[in-house]
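In: give me a 3D structure for the following:
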Amino acid sequence: MPASGFTGANLQEAVDPVTCPWWNGEPLLTYLDKLPSFKRSNDGPFRMPIVDKYNDMGTFVMGKLESGCVKRKDTLMLMPNRTQVQVSDILIDDEEVESADCGDNVKLKLRNVEEEDVSSGFVLCEQDKLCAIADRFIAQIQIVELKNIIASGFTCIMHAHTAVQEVQFQDLVGLLDKETGKKMPNRPRCVKQGDVVIAKMQLAGPICIEAFADFPQMGRFILRDEGKTIAIGKVLKISEHISTQRTDLN
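Out: Predicted coordinates:
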C-alpha cells in the first residue's frame with residue numbers, strides 16, 4: 001500500500017492513478033477503519049493499572065481499562081495497599097461520562113484516598129476479584145539484545161503494565177528449544193542473546209501481577225538494562241506475596 005507522511009498521499013484520500021498507476025485500492029485510514037475491532041472483555045474482572053495521578057479538588061488517577069467496565073459510584077479496591085475507594089467521576093477525553101468500557105483510556109476521581117497514597121503501577125480491581133500481589137514468579141524470557149551473558153544473580157529493571165521494579169534472576173531453570181518449544185534436558189549455567197529461558201525471578205518489592213495464561217495484559221513484561229530493552233517475557237506462575245511467610249516455587 002503506497003503512503004506518504006510527507007505529502008499525505010493515500011492517507012485520507014485515494015492516490016491519483018496517474019501518480020501511482022499500479023495501485024487502485026483504498027487509502028490507509030479507510031482501510032484501518034474497516035479492520036475488525038479488538039475483542040474487549042467487558043464481562044471480565046475489572047482491572048485498571050494506574051499510569052499517573054494528580055490532585056484537582058480531589059484525587060484523580062489515569063489509566064486504561066484492561067478488563068471489565070466501571071460506572072460512577074462503583075466501589076473498587078486499590079492494590080497492592082488494599083484501599084477501598086469509590087468512583088465519583090469518570091472522564092474520557094476530559095468529558096464526564098456515566099460509565100467506561102474495556103479499552104477506554106480514562107480519568108477517575110476517587111474518594112477515600114489521598115494523592116500521596118497512590119503510585120504508578122497500582123491497580124484498581126473489583127473487591128471480590130482482586131489481582132494477585134507477588135514478589136517472586138517463574139517466567140519464560142526471550143533474550144533479545146545482550147552484549148554479555150546472564151547468570152543467576154543478574155539484576156535489571158522490569159516493566160510490567162505500568163509498574164517498574166528492580167528484578168533479579170534468582171535461578172535459571174531451563175532453556176527452550178527454539179524450533180520445538182520444548183524444554184531442553186540440561187539446566188543452563190548462563191544464557192545469551194537469542195536464548196529462551198525459564199527462570200525464577202525475585203522482585204525488589206511486591207507488585208500487582210498475574211500469570212499470562214490467566215490475564216495476558218497483566219502477565220507480560222520487558223526487561224531493561226543500561227537504557228536498552230534486553231528481554232521480553234511472560235509470567236508462567238507466581239508466588240503471592242505474604243508478609244509473614246514465604247513459600248518456594250516448584
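In: what domains does the record give for this protein?
Out: 47-125, 133-240 (automatic domain parsing).
In: not counting sequence-adjacent ones, nearest residue to Asn24?
Out: Pro17 (6.8 Å; Cβ to Cβ, 6 or more residues apart in numbering). Using the backbone N, CA and C atoms, a C-beta is placed for each residue, glycine as well.
In: element containing that neighbour, please.
Out: Following DSSP states H and E, there is no helix or strand that holds Pro17.
In: show the pLDDT at it.
Out: pLDDT, Pro17: 82.
In: distance of it relative to Trp23?
Out: Distance of Pro17 to Trp23, computed by Cβ to Cβ, to the nearest Å: 8 Å.
In: ok, the one residue sitting closest to the centre of the chain to Asn112 distance?
Out: Geometric centre of the chain, nearest residue: His161, 2.6 Å, by Cα atoms, centre = their mean. Going from His161 to Asn112 by Cβ to Cβ gives 23 Å.
In: how about Arg47?
Out: Arg47 is 20 Å from Asn112, by Cβ to Cβ.
In: quick one, which of those two is more surrounded?
Out: Arg47 (26 against 13; other Cβ atoms under 10 Å).
In: now the more buried one: how far from Gly103?
Out: 12 Å.
In: low-scoring stretches of the chain, by residue?
Out: 38-41, 240-250 (pLDDT under 70).
In: all helices of it, in order?
Out: Counting by DSSP state H, one finds helices in the chain at the ranges 28-33, 216-219.
In: of the ones you listed, which approaches Asp89 most closely?
Out: helix 216-219 (24.6 Å; Cβ to Cβ).
In: elements contacting the closest one?
Out: strand 47-55, strand 228-240 (3 or more Cβ pairs under 8 Å, 6 or more residues apart in numbering; DSSP states H and E).
In: many thanks, we can stop here.
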